[in-house]
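Student: show me the folded form of this:
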Amino acid sequence: MSKHLKTWLLILTSLIIIVGAGLYLFRHSLLEALISDQLRKQNIPLQSVSVLDVSLNALRLQGLTAGVDKEMRVDKILVTWDFSDLLAGKPIAIEISGLQIMLDLSKKPSLSDSLQSMTSATEKDLTIPWLPILSLRDSAIHFHSTAGDLTVALFGDITPGQSGNQAVHLSAIVSGSFAQTKVMLAATLDRQGHMQGKITVSEGTLNSPEIQISRFAGETTFALAARHLQLIQTEFMLSDIHLSAIPLPESVPEQTFKLDNMTINRLTLKGNARGSPLSGELDLNVDGGHLAAESVTIQQMSISLPLQVSLNQKIARVGLRNPGQIRFGKIDSSYDLILQGPLGFSISQANIEWAENILKHQIAVTPTNFTLLAKQEKSPAIEAKIRPGEIVLSGQLNVDKKYQGEVTLSNAALLLPQSHLQLKNISTNLHLGTTQANKIADFSIGQLQHLTSEPLFAPLSVSGSIRNEAVAGKPAVYALDIAGGVSTVRYLKITGKHASDSGNGMLKAEIVPLRFSPDGLQPDALSPLLGSLDDVSGLFSASALIKWSNEGMRDSHGAVELQNVSFAREAAKIDNLNVTLHIEDLLSPSSQPKQAITVQRIDLGIPLENLLVSYQIEDGESPRIILEKAQFSMMDGVVSLAPTVINPASARSEILIHIDNLNLTTFFDLIQVKGLTGSGHLDGDIPIILEEGNQVTIKNGRLAAKAPGILRLKLEKASQLLASAGEEINLLLKALQDFHYTELTLNLDKSVTHDLIVKLSLLGKNPEVKKGRSFRLNIKLETDIDKILETINQGYNLSHEILRGSLRLH
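Tutor: Residues are numbered from 1 along each chain as shown. Presented below is the predicted three-dimensional model:
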């Protein structure tokens, strides 16, 4: 038995000696195969090794070349160890010189991908109980990209320190066509794998097509324990930063906003974080700079953001410790807009979270109040005082780079001093990305007010929405709906559509039919200017429609309609007013002929009946009203206006009033000359000039009897009127008691500064005086004929103001 055991032991010993001798004899080939296999697994083929030597305490490589295009070269790698030191836990020593790595970042796949996969594969199992004693010399990594070439020169040492610690001193010098800097790492690693150190960056510059930095520098101190970052403190300063053509996310249309360039004079980052998960503070400050976006330039820019940061392996969160501040000292625009004074933003909330490749955010900003001026060529600039309110932006950017979010504006206000208009409690919800029911925006104006002693309208509120009505996958079709009014009635309605592909669109504004009644709705609820109208009844409506395309305005028209409107105003009463107006072109107002205004009765003390006005609006640089026909009944006769042209922009209008068959009996009753009566009917013309302030001028007005008639004048009045008539006064006074005239005329004249002068001219006789001898008399009357003319003027003014008002709507 013992003999067989000795035999087997002898055979086993011989095999071990043979295997050991074989391994030693073929150690170079085996080691080269092992290195080649490991590199091949990382898609880095081994090309050649000129010198390869291994012994019991050393490994030496020289002239190693690897990579498809020989991207990796090493002049020398020397690894030495001592078995007794290894058993005692001491590290090996590595000397590397002449390491050259070429990385072409413009190619896919590249050596950088292989190195990255190699690093990520070993990262999970990485522990740092100790680092090798390292000497790195004459080494560099060469980067090639579309932006240019870059070389990172590497050198440094890892050496044993006191108490078994290791001292790390590594440096990198970056140089290239677009970047230069120096980076130094100084750290200490203890035997438990805890590392403390500082990274210093100095003399940094960057000059790429997208960003240029004249100088950047800073330092970061850190502490690691069991591969986890326990503490980090950093402070960096960047100066003279210029960014060009900053790209937008794919989900944001390019025409929405384009940032052309940005310049920052000085940017500082200072912060610290500790713990696991890591949390801490970061202060970002921008001092000076400007920003250009399309036709807007912002100067004297400053930013202060006191951030709170939290990081772990799955979630990164950023928020604000205190409100952040952004300030723009001056804003210039190539548009006809001027923003006065600086503009500031207070950021009360800025919560940003990155988890599972989804970026979520909620940011609340309150801009400062500012004044905006809109320049005009021939008029003073329009001034707008704006209180922006609070703006909240919330949303998320998904893995597929599609953005969904919402912008909320609240408590905003707008004041237009020149127009005396104030908009308060403005709010808006703007939906970005795909939303339910394709709603794009909701908005409301809590109060729209006309700030004058006599406001045109009562305070009203407005609300509306914008939607995308297109079928999925089709170009957008935007729809607008707006409703507004006072608390008792919503009378304003605006609808619109716009197709993004064709450029076709329309906008329709309506005042829905309003029915007035003495016990119900009254106009003063809509406009305080109409407060003098009492017991209003009838129907009112108005509308306007505009259509356009890519080529410009296609069509526009509007309509105003009053039906059976009656009201009282002071001593006047209007019954059954009807207005029909159809405007064909809102930009240059015009209409078809025979637009109509009718009134059944106007009672101003002297009744006017059956008012009829027919007219046409003629377009032009200053639209004019062609008065085709205007007439009404009065004192059994008809008062009409000769066809004329009215310029609403003119303060002066000339009209010719024609009177037909006016009852002389009623006429003498109304002019109130005591004792004067008569019979017959008058015809004639009264030329009137109307000017601002209701000033009336009459030149050579003349009314004449149509046929012979009788005029009677009491003696007591006649004696006053004819006191200087001469010797035949008694005969004349007797003749006027029953004067049979063949001619009777009234001549009317009035200047702006003098009262009306009325001259009565008579030719006739009294059959009982001087055997019917004819007399011609000229008598100056002091009468109330002004009352008749004022009534005629009021009837004209009613129609005239309606015509002017129709153009004011434009």
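Student: which residues of the stretch 601-750 of the chain fall in helices?
Tutor: All helices of the stretch 601-750 of the chain, identified by DSSP state H, counting those that start in this stretch, fall at 664-671, 715-721, 729-736.
Student: scratch that, the stretch 51-200 of the chain
Tutor: Assigned by DSSP H, counting those that start in this stretch, the stretch 51-200 of the chain shows helices spanning 83-87, 111-123.
Student: quick one on the thing from earlier: would you single out the least confident of the helices of the stretch 601-750 of the chain?
Tutor: Here the lowest mean pLDDT among those goes to helix 715-721, at a mean of 55.
Student: how long is stretch 500-509 end to end?
Tutor: 21 Å (Cα to Cα, to the nearest Å).
Student: quick one: average pLDDT of that stretch?
Tutor: Stretch 500-509 comes out at a mean pLDDT of 91.
Student: tell me the contacts of the spatially closest residue to residue 297 that is not a sequence neighbour?
Tutor: In space, and not counting its chain neighbours, residue 297 is closest to residue 332: 4.6 Å by Cβ to Cβ, 6 or more residues apart in numbering. Glycine gets a C-beta too; all of them are placed from N, C-alpha and C. Each residue near residue 332 by Cβ atoms under 8 Å, 6 or more residues apart in numbering is listed here: 296-297, 299.
Student: check residue 737 too.
Tutor: By Cβ under 8 Å, 6+ apart, residue 737 lies in contact with 712-715, 766.
Student: in ChimeraX, select just the buried ones from the residues you listed.
Tutor: For the buried members of the contacts of residue 737, the matching ChimeraX selection, counting by 16 or more other Cβ atoms under 10 Å, is:
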select :713,766
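Student: can you tell me which of the contacts of residue 737 lies nearest to residue 105?
Tutor: residue 713 (117.4 Å; Cβ to Cβ).
Student: hang on, isn't residue 683 packed against residue 664?
Tutor: No. Applying Cβ atoms under 8 Å as the test, residue 683 and residue 664 come out as separate, 10.9 Å apart.
Student: more neighbours: which of these two?
Tutor: residue 664 (24 against 15; other Cβ atoms under 10 Å).
Student: gap between the more buried one and residue 272?
Tutor: Separation of residue 664 from residue 272 (Cβ to Cβ, to the nearest Å) stands at 107 Å.
Student: equivalent analysis for residue 403, please.
Tutor: Distance from residue 403 to residue 272, counting by Cβ to Cβ: 32 Å.
Student: try residue 676
Tutor: Separation of residue 676 from residue 272 (Cβ to Cβ) stands at 108 Å.
Student: neighbour count winner among these two?
Tutor: Between residue 676 and residue 272, residue 676 has the larger neighbour count (other Cβ under 10 Å), namely 21 against 16.
Student: what sits against the more buried one?
Tutor: 668, 711-714, 717.
Student: same question for residue 405.
Tutor: Counting by Cβ under 8 Å, 6+ apart, residue 405 has contacts 393-396, 431-433.
Student: try 7 Å this time
Tutor: 393-395, 432-433 (Cβ atoms under 7 Å, 6 or more residues apart in numbering).
Student: residue ranges with poor pLDDT in the stretch 651-800 of the chain?
Tutor: Filtered on pLDDT under 70, the stretch 651-800 of the chain yields the residue ranges 672, 693-694, 715-729, 782-800.
Student: all strands of it, in order?
Tutor: 653-663, 676-678, 681-691, 695-705, 709-713, 739-750, 757-765, 774-781 (DSSP state E, counting those that start in this stretch).
Student: how close does residue 493 sit to residue 451?
Tutor: 25 Å.
Student: so these two - more neighbours on which side?
Tutor: A count of neighbours by other Cβ under 10 Å puts residue 493 above the other of residue 493 and residue 451, at 17 against 13.
Student: tell me the contacts of residue 407?
Tutor: 391, 393, 430, 432.
Student: which one of these sits closest to residue 704?
Tutor: The closest of those, once distances to residue 704 are taken by Cβ to Cβ, is residue 430, at 73.7 Å.
Student: quick check, the closest one in contact with residue 439.
Tutor: No. Taking contacts as Cβ atoms under 7 Å, residue 430 lies outside contact range of residue 439: 9.9 Å.
Student: neighbour-wise, which of those two wins?
Tutor: Neighbour totals were compared for residue 430 and residue 439, and residue 430 leads with 17 against 14 (other Cβ under 10 Å).
Student: excluding covalently adjacent residues, which one is nearest to that one?
Tutor: In space, residue 430 is closest to residue 407, 4.0 Å off (Cβ to Cβ, 6+ apart).
Student: for the one you found, what is the enclosing helix or strand?
Tutor: Following DSSP states H and E, one finds residue 407 within strand 403-416.
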